[in-house]
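Just the structure for this:
(one chain, ligands or ions: 2)
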Amino acid sequence: MIKRVEVNYRGIFQKSLGKKIGSDIAIIATHMGQVGFSNGRYSDSPERNGIPCKYFAYVSPDLSEEELEAECGANLDIDTCDFSIVLDDTMVKGVEPWGWHGIRPINEKVTENGYLLVVSRKSHDELLRFIGKKPYPYHLAILEGDASLAGLWVYKDDLTHERVLGALAGLDPSLISMEAIEAHLLEKTHEQHRVDAAREAYETIRQHTRVVTPEEGIDWPYAPPVLPKWFDFPEGIVVPAVERGFTMGPRGQSRNTTFKRGTTKTQRPVVRFDLCTKCTLCWLECPDECFDPTPDGLYDVNYEYCVGCGKCAEVCPVQECIVMVDELRFEDNSSPWEAYKRDPAAYLEWAEEKKGTERVNYPFVTGTGVAVTAGQRVPEGKVIPVKKEVYR
Ligand code: SF4
Ligand code: SF4
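Ligands and ions are numbered 1, 2, ... in the order given. Below you'll find the model as predicted:
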C-alpha cells in the first residue's frame, strides 16, 4: 500500500516550504517504521514567480525502499493522491504549471474520501465557489492562516511547515503521528514552540474539516487539454509560432493561447479608469504585456495572462488608481474596461467594493511577512500624485 501526498506551492516563493513539508513527511514516516520517499517536480524554468508547482511524498507500511522508489520515483506527476496540500488558497481557482497545459482543478488528484488541505482564512463554502465538482465525496480541511509567501528561494519561518505536519497527523495519524512529529522536530531544532504549533494544528484541524459531496463545487469551466501522442508527431519538427497581430481594444494583442499563466497570481490589479492619466507606464512596464490599449487612450487588463506581480500598481503615478486585490474576490476574467464603458458609476462602486478598506502587500523579495495598510476611497476623477520615496 502507498499513501500519496502532493504539496501544491507557488514556485520560488514557497519552494523551500514545499520541499521541507515533503521531505519531513518521508523522514517522519521512516522514524515510524514505514518507508518514505519524497521528490519534486521542476515545473518551470527557473520556477517563474508564483507559478503553481508540486512536491510529492509517498509513504508505505509494507513496501521496501526499492519498491516504493520504483513505483513513485520517476513520475512527473501522480494519477491520484490521498492528501493534496494547498499552500496558497488562490490556487483553488485552478492551476496551470508550465509543462502541464491547461487549467486543472486543484482537487483533480484527490481520491474518494481523500483530503484537500488548504491554508486559508476563507470558509469551506467560500472556497467551494471555485473548486471543481468531483463524482465522489472527499474531505476539505482548512488550516487557518495566510499564504506563506517568501522571497526568491528564501524560506519564511512562520511555522506553516510545522502546522501543516500537525494537521496531517490530525487527519491521518497512520501517515505521520503527532508523537513522531514531536520527536523529529525536537531532535532537529530543540525548539518547543515548533512542536506547540504542530500540536495546535493537530488538535484543531478536525473541527475545520468537512465532507464535500458530489453536488458541491462548480462545473469546471476549462476544457481539458488534449496533448498529442508520440505517434501523432510528424516527421521532422514543426513548432507553430504564436500568431502575431494587434487590434485596438480588449484582447487586441496576440498572445500564447496554450499557456495563459493567469493561475500564477495571488492578487490581481484593479484599475480605477476614472483616475487614469493615460501615462502609459503600466502598459510599458507590465512584464507579461497584459495591458491592451483602448480607443479612448486607457489600458485594459487581460486577467487570463496577468501573473499578479504588482509592477503596474507600483509604477502607476496616481494614488489608488491601480490596487492589488485578493484573487479570490473575483469570479471571472472579463474585461474591466468593457465594464467601465458600460456603466462608469457602477464600475467605480464595483472597484471600490473589491478593493475594500485594506491594502495588502507581500514583500516577496525579503519574505518578511504581509504588510497591511489602510486604503483610501478617492473621489471620482480626483487625480492625486503618488508620493515617491527617495532612497539615499
Ligand atoms: S500585476 Fe500588473 S504588471 Fe504584473 S502581470 Fe498583472 S497586469 Fe502585468
Ligand atoms: S500607470 Fe496608471 S495612470 Fe498610467 S496609464 Fe496605467 S493606469 Fe493610467
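
which secondary structure element contains residue 66?
Assigned by DSSP states H and E, residue 66 belongs to helix 65-72.

Does that helix pack against any helices or strands, and if so which?
The contact analysis (3 or more CB pairs under 8 Å, 6 or more residues apart in numbering; DSSP states H and E) places helix 65-72 against strand 35-41, strand 52-60. Heads up, the C-betas are built off the backbone N, CA and C, glycines and all.

Specify the next element, helix or strand, located C-terminal of that helix.
Once the chain leaves helix 65-72, the next helix or strand it forms, by DSSP H and E, is strand 81-86.

Helix or strand next in line after that next one, which one?
strand 110-120.

what comes up buried for that next one?
Neighbour-count burial for strand 110-120, counted by 16 or more other CB atoms under 10 Å, picks out 110-111, 114-120.

helices or strands up against that strand?
Counting by 3+ CB pairs under 8 Å, 6+ apart, strand 110-120 packs on strand 81-86, strand 138-144, helix 160-171.

now the helices and strands packed on helix 65-72 in CSV, with mean pLDDT, distance to residue 160 and mean neighbour count?
Output for the helices and strands packed on helix 65-72, formatted as CSV (pLDDT from 0 to 100; distance: least, CB to CB, whole Å; neighbours: other CB atoms under 10 Å):
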stretch, mean pLDDT, distance to residue 160, mean neighbour count
strand 35-41, 87, 17, 20
strand 52-60, 92, 14, 25
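
Now the ones you listed in TSV, please, with extra columns for distance to residue 270.
What follows is the helices and strands packed on helix 65-72, written out as TSV (distance: least, CB to CB, whole Å):
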stretch	distance to residue 270
strand 35-41	33
strand 52-60	23
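
that older thread, for the helix holding residue 66, list the C-alpha coordinates in PDB.
Below are the C-alpha coordinates for helix 65-72, written out as PDB (Å, rounded to 0.1, in the frame of the first residue of the first chain):
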ATOM      1  CA  GLU A  65      12.600   1.200  -0.200                       C
ATOM      2  CA  GLU A  66      13.400   0.000  -3.700                       C
ATOM      3  CA  GLU A  67       9.800  -1.000  -4.400                       C
ATOM      4  CA  LEU A  68       8.500   2.400  -3.300                       C
ATOM      5  CA  GLU A  69      11.000   4.300  -5.300                       C
ATOM      6  CA  ALA A  70      10.300   2.200  -8.400                       C
ATOM      7  CA  GLU A  71       6.600   3.000  -8.000                       C
ATOM      8  CA  CYS A  72       7.000   6.700  -7.400                       C
END
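
Need the contact partners of it.
Identification of contacts with helix 65-72 by CB atoms under 8 Å, 6 or more residues apart in numbering yields 2, 4, 35-37, 39, 56, 58, 60, 63, 78.

what angle sits between that helix and strand 52-60?
Calculated by axes from the mean of the first three to the mean of the last three CA atoms, to 10 degrees, helix 65-72 forms an angle of 140 degrees with strand 52-60.

what's the average pLDDT for helix 65-72?
For helix 65-72, mean pLDDT rounds to 85.

again with stretch 344-352
On average, stretch 344-352 scores 98.

centre of the chain versus it, how much separation?
Relative to its chain's centre, stretch 344-352 lies at 27 Å (CA atoms, centre = their mean, to the nearest Å).

what comes into contact with that stretch?
270-274, 336, 339-340, 377, 380.

Give me the buried subset of these.
Buried members of those, counted by 16+ other CB under 10 Å: 270-274, 336, 339-340.

ok, back up a step: let me know the closest of the buried residues of strand 110-120 to ligand 2.
Checking the buried residues of strand 110-120 against ligand 2 by CB to the nearest ligand atom gives residue 120 as the nearest, at 30.4 Å.

thinking again about what came up before, farthest pair in the contacts of stretch 344-352?
Spatially, the most separated pair among the contacts of stretch 344-352 is 339 and 377, at 18.6 Å (CB to CB).

which residues does the nearest residue to residue 280 once chain neighbours are set aside contact?
Excluding the flanking residues, the one nearest residue 280 by CB to CB, 6 or more residues apart in numbering is residue 299, at 7.6 Å. Neighbour list for residue 299: 271, 276, 280, 282-283, 291-293, 337 [criterion: CB under 8 Å, 6+ apart].

Which residues are in contact with whatever residue of the stretch 1-150 of the chain ends up closest to ligand 2?
Nearest residue of the stretch 1-150 of the chain to ligand 2: residue 49, at 20.6 Å (CB to the nearest ligand atom). When contacts are counted by CB under 8 Å, 6+ apart, residue 49 touches 11-13, 152, 264, 307, 309, 364.

cool, residue 374 as well?
Residue 374 touches 357-359, counting by CB under 8 Å, 6+ apart.

again, only using 7 Å
Contacts for residue 374 (CB atoms under 7 Å, 6 or more residues apart in numbering) come out as 357-358.

how much space is there between residue 226 and ligand 1?
28 Å (CB to the nearest ligand atom, to the nearest Å).

Pass me the low-pLDDT residue ranges in this protein, would you?
By pLDDT under 70, the low-scoring segments of the chain are 42-47, 98-100, 153, 363-369, 388-392.

Report the contact partners of the most centrally placed residue in the chain.
Most central in the chain under CA atoms, centre = their mean is residue 91, positioned 3.6 Å from the mean C-alpha point. If a contact means CB under 7 Å, 6+ apart, then residue 91 has 8, 52, 106 as its contacts.
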